[in-house]
Every structure is written in structure tokens, then in C-alpha cells.
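*Asks:* Kindly return the folded structure for what I paste below:
(chains A, B, C and D)
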There are 2 protein chains.
Amino acid sequence: MTRSTNRSTSFDVAALAGVSQSAVSRAFTPGSSIAEETRKKVYEAARKLNYVPNSIASSLTTKRTNIVALIVGNMANPFYAHVLHAFSKKLQEQGRQVLIFTVDPGADSDEAILHVLKYQVDGVILTAAQLSTRMTSMCHDRGIPIVLFNRYIPGSDASGVRCDNAAGGRLIAEAFLAAGAQSFAMITGDPKGTTSKDRVRGFVERLQEAGIRRSDIVEVEGQSSYEGAFNAAMGLFRDKNRSRPDALFGINDIMAMGAIDALRYRLGLRVPEDLMVAGFDDIPEGRRAPYQLTTVRQPINQMIEATLSILHLDDPSHGIERGIDRPISGRLIWRNTIPVPPEYR
Amino acid sequence: MTRSTNRSTSFDVAALAGVSQSAVSRAFTPGSSIAEETRKKVYEAARKLNYVPNSIASSLTTKRTNIVALIVGNMANPFYAHVLHAFSKKLQEQGRQVLIFTVDPGADSDEAILHVLKYQVDGVILTAAQLSTRMTSMCHDRGIPIVLFNRYIPGSDASGVRCDNAAGGRLIAEAFLAAGAQSFAMITGDPKGTTSKDRVRGFVERLQEAGIRRSDIVEVEGQSSYEGAFNAAMGLFRDKNRSRPDALFGINDIMAMGAIDALRYRLGLRVPEDLMVAGFDDIPEGRRAPYQLTTVRQPINQMIEATLSILHLDDPSHGIERGIDRPISGRLIWRNTIPVPPEYR
DNA sequence: GTGAACAATGCATGCGTATTCATCATGTGC
DNA sequence: GCACATGATGAATACGCATGCATTGTTCAC
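*Replies:* Numbers count the residues shown, from 1 in each chain, chains lettered A, B, ... in the order given. Next up, the predicted model:
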């Protein structure tokens, strides 16, 4: 049996309801001029025929697809899985569809953008992925707004929303200092993105303001994943001659978790007794019993709000907002990987 | 500045290249009859105009969108995040787009399906979500194939691919028995799906074959999440009078992990010394140092292959395969939450 | 009671592309 | 050199819906 296509069209419905095709279209278009009675007749006929309006066809005339593209660059980090979930929920509530693209960490998103353009999406949200200026202008030229989530590209036309990562880095530094740490290590991630670099910058700046020498701050780069940080931590502490730092900043929660497990299960160290650790993001996984991770919470909901407001999906005639960089402050969440100093109790 | 739409069409390209619109269309359609020279001219013109074919428009005539819908019912379980990622990668490689819908756990997917139908997707993959027979026939009527992933609905027209959950449950039972367990507990999940029930059935069946009495098998239902299992475990062991089982089967890995953390961090029990635990799925998170979870591996890649093969995306004229239930065997992965008996070493 | 404003409706057209059909040029085998 | 197959091309049309425009019927104010 062949895959027969029984899709009825607005003409079929119109015929059955005894109205014109225009009436059918209007019946399904909120706010258009149609009598309640007519609408009922149309709905009745539509129900009988299992009619569902063809959004593809309507997009052709309205030039709006109600599709938003979400490009995710690091699905292995649960933070981005949560972000994806949150965006998806939010956009669904608004009656929009989400076209998803996954991109390998570190890879650029040009190919994904190209597909996105073909599908005439109403907007693009880009998360943890690289973006070339060529693609930015390709999008902007055709009136497709694009917002970087948790990332910005200095000097670029693309707008971005992010946590104030530098300020967050400072919060971590302060927490360590308050807990009495004197020598420090960082496990950093993707060097291409601004996220990791900003966190490092704020962290180091604040430490130096407190009189810590740069030589007392060790930095190791790991792949931006649990395993990457696990291995980086092993490398960091394998050298027995080097004196061990008091405090370790994992540049995000999943990496902090990887580092903690390496410390505890491979190196026999206690956290926080032997070494305090902090992360960044506040993913739900970090709250669990084995970790109880002290971290900076990214205000995801605010960031999503901001992203959508810059996209102006409701108002296509609004110009594209270019070059915006909107940092939003996160706050420190005390848990158990840094001993809580009396003044923070 | 208003959001100007500079999108050039195949006519613009045709004019610049000095050919007809048909030629442009053919230039971008693999396998169509066009001279290499003409194609080059077209590409050249297209490049100059930043032309990108409008897939929406082309879908209107071809009746194919190259979009596949993925409906995910439980994003909180990392297993499904991994599944989503794997499908997305695979479909992208094939040049298809993924439209994603997230549905609350336990909720039915009717609304999502309705949206999917509007967008004329080429196929639907449904994961951890309910599906009404009405929606199944809505899809089938219009020639849209639909496959349930890791779920089946007995007597339904919808096809499904899944792990052989009952057989997997038996494997777990055998592992516990081989390790010498004599009394058992299960923390089960969503009672609406077949997945949890099948695992339980296989597990119990095998135990009873080994002479275990039903009264020595306790069953607690938890919400299908880390937290749900954490709480269920607390409830299970709070009753001090009840004798403690030797072995606990968490119906999937994330729940097993929640249970383990409750046991270790709240109840002061050691795993596996005081109590052995097994999960199901083999998510990467379960391999990590704190858990080292013994589990049954779901053959995700095979399952994805099977799903796509049933969908017949490459051959739209192929009839829809109805009512298929394709179980694929998983295998037991020994790690450290069950003491490995000598015969399995 | 009259003209104007307005709501409801249908007709016709356009959105950007794929595809059918007819035409023409070119090459093939004999 | 001829009949024929083959490949390349353009004109025209269809895909399913939204919308501008014209028309009709209705209500309202005066």
C-alpha cells in the first residue's frame, strides 16, 4: 500500500462548508473579519475532513514561519541541555516551533546557519558555538535576527545575552579568599569562547586585588566536559613536587564535577577539607548529594527573556538589534565544596 | 531601520545568469538535467546575490519538507538528552532538519502532533511520551510515518523500536542472583509506559524462576527522575522494622543514581557492600567514578538505525509500516554496584 | 428615512519553487 | 546521410494559503 496523501486543503473544507476558501483561511486566522456562525461551519467541516492548515503554504505568503532555530554547540554539557529544554518550552508556549541543530564543540556553525536560512526561520539562537561574521551578515541581510546565548563576539554585529562572567569569576575568588585559600588553580575550557576567558579574568583580577601573586594561580586547560576536567585535574595534581593549591575553580559545573571526582576517587583528596572547589552555572546535577557544589548561578530565565526580547519575534517590522551585549549578573550559591566562612552564614 | 527583506529569488538569479528560472531550480536540484556550464553560471550569480533556495517554497511543490519531528517526553532523564543528540546528529548528516517538541513527562503528545502535522513533517519520532490512537491515524492518514522510540503501544497502529526490556530485566535478575542476593526491591517509573513495566516483568519472572517468593520482592513507584528515585529510596528504607533487601533494581540509570545517593548520603549504607544496585540504559553519567553503575546497555545506535529504517524517509512512496514492534537486545555491563561473581570475571 | 460607516464575504492574485511539456540542438548507429 | 535517441532548455502551471479589493448586507446617527 503506497503512502497516499489524503491531506485535505482549505478548498475541500470550503466546499463542504459551503463557503469560499477565503472564509476558511479567515476562520483559522485569529483577528480576521469573519462571522462567528461562519467560523463554526468551517470548523465543523474541517473536523469532518481532519483538515489541518498547512503552515508551510501559509508561510509562503506571510513570510513568517514561526520557526526559531536553536543551534547548540555542546550538548554534552548538561547546562546546555537545560537551556535547550527551557527555550523549547518557552517557545512552544508562544506557539512557535524549534528547529534544532547540534554542532560539535569548537566547530563553527556556518553550515547550520545555511540550513537555517533555507528554512526562512524567524530567528536564530546560538549557544556555545562559533559564528562567522559572514554568516551574521547573511542572516541580517535577509532580516533574520540572531542572538548569541552566553557568548559574545567583540566587534561583531551579532547581539548576545550572557551571564556577567567576569563578575561571577570575582564572586568565586571572593568566596575562596573568605574561606582562607592562598594558592589557586583553575581548569578552563574552550579558549575560543569569551565565556571561559571572562570568568578567568574576573577570578584572577579579584585575586590579584587581594594581593595574590600570579605565580600562585595555576591554570590548566581541559576539554569542556566532565572527562576533560577529570583528566585535567589528574594532570594538575600528578606532579607531586609542585605544592598543592588550596582552591580549584572549575570553569563550569560539569567540569568542576569531573575535577572533584578525580580528586576524590583517584587522588584520594577530600573536598573541601584538602581542597576547596567551585563551579559555575548551577546545574541541577551539581546540587546532588555527592557534589553539593558551591557555584555561581546563571540566571537562565532572565537570560532567556532577554534573548527573546532582543529577537523581537512578535514584531517582525522591528529592526534587528545589532551588536548588543547584555550581561546579566549571577549570584553565588554557597553549598559544601567551600567551607562557609562565618560572615556568610 | 526596518527589517528589510533582501531575499533574492530564483528569478533574480536567473536574470543575472541569463537563464530561465527553471535552470536555476535545476542547478540546485541534484540529478536534474542541466549542463555543467549552465550550473556554473547559476552558482556564480547565486553567490553574487547571496541567494539561498527557499526550502519552504520548494516543499510546497515537492510535498517533502526534509523535516523530522522529534517529540521528547522526559528531557530530565539524560538518556533522552543523549537520544535527542544522537538523532539530531544522524538526521543532520542526512541533510534533514529536526523540529523538536518537549512534552511534560506523563502528558500526552496530541498537541505536539497537531503542530507537527501543520508543518508537514516527513516523519515523527516519539520518545517517552503518550500517543493517542486518534493522533496515530491523523498522521497515518496523511502519509506521515510515526515511530515510537523505546516504547510500544499494544494493539496500536503505531510502530515502535525498543530495547528488549523484559530480557534486560532478566539479565539484572540473573546478575543479582549470581551475586547471591536473596531479597529484592525495585524502584519503578512511569506506570503508563511499557518500558518500566516490561523491565519489572522480566526481572520478577526470572527471580521467581529461581524460586524467589513474590513477597521477597518489594516494589516502589517513584517519579521517573533522579529526585523521584531519591525520595522513593528514602521511603523504602525509612521503615526500620522491615528487613532490608539485598538488592535494588532502579528501573533506569538516572533513578538508580538517585537511589544510590539516598542510600549512601542519607541512609549511611554502602553500595554494593550493604546493598547491591543495578540500573538500566547505560548512560555515560552512570559510568562516572561515584557510581560505576552495573546496568543493561541499551543499543542506542541500533535502535536509531531501526527507527530510521522503519520511517523510510528516503522512499516516500513506500507504504507506512504499521504496528511493528521491534525489540533489540541489550547486554549487561558489569561495573561496581554489584559484586562481580567469579564466573563473570 | 437617508447616508455613512462597518462587518462579512468572495474573487483574484501572489508567494518562490519544482516539474511537465514542448522545442531544439546534438550526437548515435547504420 | 537519415531516423532516432538523448540532453538541455524555457514557458507555463501547480502547490495551499493570505490578503487586497470590490461587493453586499447591516447598523447607526441624525
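
*Asks:* For the helix or strand where A:Thr307 lies, list the C-alpha coordinates in CSV.
*Replies:* According to DSSP states H and E, A:Thr307 maps onto helix A:300-311. Output in CSV follows, covering the C-alpha atoms of helix A:300-311 (Å, rounded to 0.1, in the frame of the first residue of the first chain):
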residue,chain,number,x,y,z
ILE,A,300,18.7,31.3,32.9
ASN,A,301,15.2,32.6,32.9
GLN,A,302,16.3,36.2,32.8
MET,A,303,18.8,35.3,30.1
ILE,A,304,16.1,33.6,28.0
GLU,A,305,13.7,36.6,28.5
ALA,A,306,16.4,38.9,27.3
THR,A,307,17.2,36.7,24.4
LEU,A,308,13.7,36.6,23.2
SER,A,309,13.2,40.3,23.7
ILE,A,310,16.1,41.1,21.5
LEU,A,311,14.8,38.8,18.9
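
*Asks:* average pLDDT for it?
*Replies:* Taken as a whole, helix A:300-311 has a mean pLDDT of 97.

*Asks:* buried ones in it?
*Replies:* Residues A:300, A:303-304, A:306-308, A:310-311 are the ones in helix A:300-311 that count as buried (16 or more other Cβ atoms under 10 Å in any protein chain shown). All C-beta atoms are positioned from the backbone trio N, CA, C, and that covers glycine.

*Asks:* just for chain A, where's the confidence low?
*Replies:* Applying pLDDT under 70 to chain A picks out residues A:1-5, A:240-241.

*Asks:* show me where it has strands.
*Replies:* A:67-72, A:97-102, A:123-127, A:146-149, A:159-163, A:184-188, A:217-221, A:247-250, A:276-278, A:295-297, A:325-328, A:331-333 (DSSP state E).

*Asks:* Please tell me I have it right and A:Lys41 contacts A:Ala15.
*Replies:* No: using Cβ atoms under 8 Å, A:Lys41 is not in contact with A:Ala15, being 12.0 Å away.

*Asks:* which one is A:Ser133 nearest to, not counting chain neighbours?
*Replies:* To be clear, residue A:133 is Thr; Ser isn't right here. A:Ser156 (6.1 Å; Cβ to Cβ, 6 or more residues apart in numbering or on different chains).

*Asks:* how many neighbours does the closest residue to A:Gln97 other than its chain neighbours have?
*Replies:* Spatially, and ignoring its direct neighbours in sequence, A:Gln97 is nearest to A:Ile67 (4.7 Å; Cβ to Cβ, 6+ apart). Using other Cβ atoms under 10 Å in any protein chain shown, A:Ile67 has 23 other residues around it.

*Asks:* what does the one 3 residues further on give?
*Replies:* Other residues within reach of A:Leu70, judged by other Cβ under 10 Å, total 24.

*Asks:* for it, which residues make a bridge with it?
*Replies:* In this entry, A:Leu70 is beta-bridged to A:Ile100, A:Ile125, by DSSP bridges.

*Asks:* any idea how far it is from A:Phe101?
*Replies:* Noted for A:Leu70: a distance of 7 Å to A:Phe101, by Cβ to Cβ, to the nearest Å.

*Asks:* Tell me which residues touch A:Tyr344, please.
*Replies:* Contacts for A:Tyr344 (Cβ atoms under 8 Å, 6 or more residues apart in numbering or on different chains) come out as A:175, A:178, A:334.

*Asks:* quick one: contacts for the first one?
*Replies:* Contacts for A:Ala175 were tallied using Cβ under 8 Å, 6+ apart; they are A:278, A:294, A:332, A:334, A:338, A:344.

*Asks:* No further queries at this time; thank you.
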